[in-house]
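S.K.: fold the following and give me the result.
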Amino acid sequence: MDPANKTALELLEQLRTERAELETLIRGLEKRLGVVPKNGEGESAQSATPRVTVSLDSIPVGFFHNLSQAAAAEKLLRMNEGHPLTSNEIMDAFRKSGMDVSGKNALTILYNALKRSPRFERVAGKAWGLAEWYPQSRKKKEPAEEESSEDES
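M.R.: Numbering: from 1, shown residues only. Modelled structure (predicted):
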């Protein structure tokens with residue numbers, strides 16, 4: 001075997017070993033930071049685009065600054081894609097961020113804001129998710145609107 005090829009093979013093996021070690025370190029750091037590869041852990045790091053998830057315990061102060069309750073809830077749900085949250089969990093996240101949600105009717109106000117918005121879907125009677133996560137559950141307002149427009153013509 002050519003000495004140059006032997007050196008290249010040794011270098012290749014060394015880089016493969018380092019890659020395995022680096023991937024292990026990267027997965028550990030991603031786990032600690034709450035960054036999850038989009039395509040799953042089993043795929044290469046090059047094809048995976050990381051996305052940040054925010055746990056309810058790690059909401060920073062000012063996270064929902066100048067947002068309405070509906071907009072803040074949407075931001076929170078988008079950060080935890082596919083994971084519906086209860087009204088109480090959403091309210092706790094608001095409080096941890098320093099959002100002013102005081103008052104005896106705060107939970108009712110949040111519930112009504114989410115219920116009135118077409119962006120949210122009530123899931124299993126307990127939690128809220130984004131309506132786009134449940135396209136089969138969308139309220140069927142279009143056919144009713146089409147019928148009324150046909151009646152007018």
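
S.K.: so what does Phe64 have for phi and psi?
M.R.: phi -110, psi 30 (degrees, to the nearest 10).

S.K.: around the residue nearest to it when sequence neighbours are not counted, how many other residues sit close by?
M.R.: Using Cβ to Cβ, 6 or more residues apart in numbering and skipping residues adjacent in sequence, the residue nearest Phe64 is Ala72, 3.8 Å away. Backbone N, C-alpha and C define where each C-beta goes, glycine included. The local packing of Ala72 (other Cβ atoms under 10 Å) involves 22 other residues.

S.K.: what helix or strand is Ala72 on?
M.R.: helix 69-79 (DSSP states H and E).

S.K.: buried sites along the top helix by length along the chain?
M.R.: Secondary structure of the chain per DSSP state H: the longest helix is helix 3-33. For helix 3-33, the neighbour count (16 or more other Cβ atoms under 10 Å) marks Glu30 as buried.

S.K.: remind me what it packs against, helices and strands.
M.R.: strand 35-37 (3 or more Cβ pairs under 8 Å, 6 or more residues apart in numbering; DSSP states H and E).

S.K.: redo that, cut-off 10 Å
M.R.: The criterion is 3 or more Cβ pairs under 10 Å, 6 or more residues apart in numbering; DSSP states H and E, and the helices and strands that helix 3-33 contacts are strand 35-37, strand 50-52.

S.K.: how close does Gly129 sit to Glu23?
M.R.: Applying Cβ to Cβ, to the nearest Å, the value for Gly129 to Glu23 is 33 Å.

S.K.: show me the contacts for His83.
M.R.: His83 makes contacts with 53, 76-77, 89, 127, 129, 133, as judged by Cβ atoms under 10 Å, 6 or more residues apart in numbering.
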